[in-house]
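In: sequence? don't have it. structure:
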């Protein structure tokens, strides 16, 4: 299994997968936390620039060299675009737009392309499936929020991931590969520290995500992804599993 992240949902998924006996390769930006997580759970570790055109092939090569095959890919890598200049469409400059798409959509596309080429030629597992992929969308695709989350490049990237996933699902199902999406709401991750520290945002999330009364635990999102990657979901493809604690159904606040 390849997981493209070493914090938040990615870290939670890696710990759960390793505890269940999976062979895990963590692919993440160069950071001591990735190596510490890998050492903690006995995983392989690849570090570098995930947005590099050569990253996906390098990650897959390390996985195959170590494990011999690849059954699962969890594409959790991504980046909020605020620091790059993401915002309402009329405020986004070309460089910010491209950077946000590169770190979210393009990284996901390249990882999918690399692993699909391998999955479709390897022998099926016991459940008849050659491989499973879970990509990461966002609740903002179906339920935009204009007051606090008017990040239109990010929403565009996540929406494109959903469209790509569904197109892939139809094409690769006859070849024995499943492709699904998780679409989280606001999850308690290091990337969400700014949100968690703001009392106004805490009050907003208490109302917007009433089932959790605030941020969603990263483990909950990780478990959803692992379910879609596992054999219990062998007949599921092209689906978007939303983990939003009620975000979509809560009145505008």
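Out: Alright, I've got the coordinates. None of these values were measured; they are calculated from a predicted model. Numbers count the residues shown, from 1 in each chain.

In: next structured bit after the helix or strand of the chain at the bottom of the mean pLDDT ranking?
Out: Lowest mean confidence among the helices and strands of the chain (mean pLDDT, DSSP states H and E): helix 193-197, at a mean of 66. Counting by DSSP states H and E, the next helix or strand C-terminal to helix 193-197 is helix 199-208.

In: centre of the chain versus that following helix, how much separation?
Out: 24 Å (CA atoms, centre = their mean, to the nearest Å).

In: which helices and strands sit right next to that helix?
Out: Counting contacts by 3 or more CB pairs under 8 Å, 6 or more residues apart in numbering; DSSP states H and E, helix 199-208 is packed against helix 193-197. Every residue, glycine included, has its C-beta placed from N, CA and C.

In: where do the strands sit along the stretch 101-250 of the chain?
Out: Counting by DSSP state E, counting those that start in this stretch, one finds strands in the stretch 101-250 of the chain at the ranges 131-136, 177-184, 240-243.

In: now do the contacts for residue 208.
Out: By CB atoms under 8 Å, 6 or more residues apart in numbering, the contact set of residue 208 is 145, 185, 186, 246, 247, 250, 253.

In: let's have the strands of the stretch 101-250 of the chain in CSV, adding distance to residue 122 and mean pLDDT.
Out: Below are the strands of the stretch 101-250 of the chain laid out as CSV (distance: least, CB to CB, whole Å; pLDDT from 0 to 100):
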stretch, distance to residue 122, mean pLDDT
strand 131-136, 7, 98
strand 177-184, 10, 98
strand 240-243, 25, 98
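
In: just send those strands back as TSV, with mean neighbour count and distance to residue 124 too.
Out: Listed next are the strands of the stretch 101-250 of the chain as TSV, based on neighbours: other CB atoms under 10 Å; distance: least, CB to CB, whole Å:
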stretch	mean neighbour count	distance to residue 124
strand 131-136	26	9
strand 177-184	26	10
strand 240-243	19	24
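
In: any chance of those strands in CSV with distance to residue 6 as columns?
Out: Formatted as CSV, the strands of the stretch 101-250 of the chain follow (distance: least, CB to CB, whole Å):
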stretch, distance to residue 6
strand 131-136, 15
strand 177-184, 17
strand 240-243, 20
